[in-house]
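**Q** Sharing a model that was predicted from the sequence below.
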Amino acid sequence: MNSAGQYSAFADAAIFAAVRTPWVDLGGALSQVSPIDLGIKVGREVLARAGIDPLAVDSVLAGSMAQASFDAYLLPRHIGLYSGVAQAVPALGVQRICATGFELLRQAAEQLRDEVQLALCVASESMSRNPIAAYTHRDGFRLGGEVQFKDFLWEALYDPAPGMDMIATADNLARRYGLSRKAVDRYACDSHQRALQAQREGAWAEEIVTVDNQVFELEGYQPRGISLARRASAVSADSHPRPTDLEALTRLRAVHPGGVQTAGNSCAVVDGAAAALVGRASACTRPALARLLASAVVGVAPEFMGIGPAPAIRLLLQRSGLDLGDIGRFEINEAQAAQVLAVAHELELDNSRLNVEGGSLALGHPLAATGLRLVMTLARQLRQHNLRYGIAAACVGGGQGMALLIENPAYPA
């Protein structure tokens, strides 16, 4: 480890299978479902789709950002147990905010160097169940004192170190890279249109599992389950992609005066969960989804946190001995349109390889789960287009960037 960041290379790691729930808008059908139950759903499904006995799992890694249920501390353990993993198998909670999905895969690949043969990675996020919270009232309320409850979801967007919210950090990047409001809105419009086209073509169908009302039984223990809101009986598709045109985006007011970021060119707020099985590539008995080759994570200035993917990708390429031209596809999380455009400008990356099916501006960004979605989407694109290498990356609140290098196991076809 040094001041340039952390790099890890993996000699024999692969993603055997990966699935996700639909990403559903804030307050929608998933809004009353605990992230633990969403995690159990995808944990069970990824094992079933891979045809792997849950008792073969040696490690459970799970991540979620907000404490969205009273039993939140137990999230990794309960996801493992109710997914059918053996009781003796330990579970670990993982958190790197927007890069949590990447960190799950990194830690799983690292564990393969020891005694672990197969790791279940689950990321689950309920943005809707973020609490209205108070942190200073354990000893009660003083007579005449201020009673202060705040919206955790809103307040979590604010970084007190630079004294600004995440939207302001994107506006900082827009000023640094000379990004106009028109350019930012145009990118957002393209993201929405690409996502709508991908959805119409069924691009995500193979990675999405339908979520319906159901009960999860565990012998000797209390049942858990999913009860959908809005009188929904099942959810099978991402809910946020919708027709959007440039004219509509330009009418929206900037969040901060003089800034370029609006509600329309910032990521959507959604609920969702994703899961992946990580094991030794040499032990895979059926075609793997992707080989995990390397990861890189770096720190950047908090007030420019959105640029994080750029130095992370540079470190990843430098240490891997690859060039930008070797990478067939990039999936870089769209926290804000100005943020991902700044990364593209910094790397001189063209749009023909970047987020070609749209991104979080259109689909949404359930914090912990996004990294796994980026990787499974990227892996599918590499297979479909007979490309060898792909990089998924994300900026991280507080000033970090993380990137993951994967390889198409079927290349050359």
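**A** That came through fine. This one's a predicted model, so the numbers in the text were calculated from it and none came from an experiment.

**Q** Tell me the buried residues in stretch 63-83?
**A** 63-69, 72, 75-83 (16 or more other C-beta atoms under 10 Å). Where C-beta positions appear, they are placed from N, C-alpha and C, glycine not excepted.

**Q** for stretch 30-47, same thing?
**A** Within stretch 30-47, the residues that qualify as buried by neighbour count (16+ other C-beta under 10 Å) are 30-47.

**Q** Strands of the stretch 101-250 of the chain, residue ranges please.
**A** Assignment of strands within the stretch 101-250 of the chain using DSSP state E, counting those that start in this stretch yields the ranges 118-125, 132-133, 150-151, 158-159, 164-165, 211-212, 214-216, 224-226, 234-235.

**Q** Which of those sits closest to L246?
**A** Proximity to L246, assessed across those by C-beta to C-beta, is greatest for strand 164-165 (25.4 Å).

**Q** What strands flank the closest one, and is each parallel or antiparallel?
**A** Applying DSSP bridges to the sheet, strand 164-165 is found paired with strand 158-159 (antiparallel).

**Q** how far out from the middle of the chain is the strand it pairs with?
**A** Its chain's average C-alpha position is 20 Å from that of strand 158-159, according to C-alpha atoms, centre = their mean, to the nearest Å.

**Q** Show residues contacting it.
**A** Surrounding strand 158-159, the residues in contact under the criterion C-beta atoms under 8 Å, 6 or more residues apart in numbering are 164-166, 169, 302, 305, 397-398.

**Q** cutoff 6 Å now
**A** 165, 302 (C-beta atoms under 6 Å, 6 or more residues apart in numbering).

**Q** re the thing from before, which of the buried residues of stretch 63-83 fall in helices?
**A** Counting by DSSP state H, the members of the buried residues of stretch 63-83 that fall within helices are 75-82.

**Q** so G358 makes contact with S191?
**A** Yes. Taking C-beta atoms under 6 Å as the contact criterion, G358 and S191 are neighbours in contact, 4.7 Å apart.

**Q** which of the residues in the longest strand belonging to the chain are buried?
**A** The residue-count maximum for a strand in the chain (DSSP state E) belongs to strand 6-20. Judged by neighbour count (16+ other C-beta under 10 Å), strand 6-20 contains these buried residues: 7-8, 10, 13-20.

**Q** what do you get for stretch 279-294?
**A** So, applying 16+ other C-beta under 10 Å, buried residues of stretch 279-294: 279-281, 284, 288-294.

**Q** what about it, how long is it end to end?
**A** End-to-end span of stretch 279-294 (C-alpha to C-alpha, to the nearest Å): 15 Å.

**Q** what's in contact with it?
**A** Counting by C-beta under 6 Å, 6+ apart, the neighbours of stretch 279-294 from elsewhere in the structure are 9-10, 12-16, 18, 109, 112, 118, 316, 320, 379, 405-407, 409.

**Q** OK, contacts around the residue most central in space within the chain?
**A** Residue closest to the mean C-alpha point of the chain, counted by C-alpha atoms, centre = their mean, is T370 at 1.3 Å. Contacts of T370 were listed using C-beta under 6 Å, 6+ apart, and they are 101, 333.

**Q** Is it within a helix or a strand, and which one?
**A** Under the criterion of DSSP states H and E, T370 resides in helix 370-384.

**Q** biggest helix in the protein by residues?
**A** Secondary structure of the chain per DSSP H: the longest helix is helix 181-200.

**Q** Buried residues in that one, which are they?
**A** Residues 181, 183-196, 198-199 are the ones in helix 181-200 that count as buried (16+ other C-beta under 10 Å).

**Q** E303 touches P162, doesn't it?
**A** Yes. Counting by C-beta under 6 Å, a contact exists between E303 and P162, whose distance comes to 4.0 Å.

**Q** Can you give me the end-to-end span of stretch 136-145?
**A** Chord length of stretch 136-145, first to last residue, is 12 Å (C-alpha to C-alpha).

**Q** Any chance you could list what contacts it?
**A** Outside stretch 136-145, the residues within contact range by C-beta under 6 Å, 6+ apart are V147.

**Q** Could you do stretch 326-345 as well?
**A** Applying C-beta under 6 Å, 6+ apart, the set of residues contacting stretch 326-345 from outside is 170, 173-174, 177, 179, 184, 187-188, 260-261, 265-267, 306-307, 309-310, 353-354, 359-361, 370, 374, 377-378, 381, 387, 389-395.

**Q** Flag every buried residue along it.
**A** So, applying 16+ other C-beta under 10 Å, buried residues of stretch 326-345: 327-345.

**Q** now do stretch 369-386
**A** Counting neighbours by 16+ other C-beta under 10 Å, stretch 369-386 gives 369-383 as buried.

**Q** What separation do you get for V147 and G140?
**A** Separation of V147 from G140 (C-beta to C-beta, to the nearest Å): 11 Å.

**Q** Let me fix that, I meant to ask about G163.
**A** G163 sits 31 Å away from G140, taking C-beta to C-beta as the criterion.

**Q** Can you show me the helices along this protein?
**A** Using DSSP H, helices in the chain cover 35-50, 75-82, 100-111, 152-155, 166-177, 181-200, 246-250, 309-320, 337-347, 360-363, 370-384.

**Q** who's in contact with the second one?
**A** If you take C-beta under 6 Å, 6+ apart as the criterion, helix 75-82 is touched by 36, 39-40, 43, 60, 62, 64, 91-93, 122, 216, 218, 224.

**Q** Just the CA atoms of that helix, as CSV, please.
**A** Only the C-alpha atoms of helix 75-82 are listed here, as CSV (Å, rounded to 0.1, in the frame of the first residue of the first chain):
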residue,chain,number,x,y,z
LEU,A,75,-28.1,-8.3,8.0
PRO,A,76,-25.0,-10.4,6.8
ARG,A,77,-25.8,-13.3,9.2
HIS,A,78,-29.5,-13.5,8.4
ILE,A,79,-28.9,-13.3,4.7
GLY,A,80,-26.6,-16.3,4.9
LEU,A,81,-28.7,-18.4,7.2
TYR,A,82,-32.0,-17.8,5.4
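
**Q** Might you calculate how far it sits from the centre of the chain?
**A** Averaging C-alpha coordinates over helix 75-82 and over its chain gives two centres that are 19 Å apart (C-alpha atoms, centre = their mean).

**Q** quick revisit: which one of the helices of the chain lies nearest to N130?
**A** If you check each of those against N130 by C-beta to C-beta, helix 152-155 wins as the nearest, at 3.7 Å.
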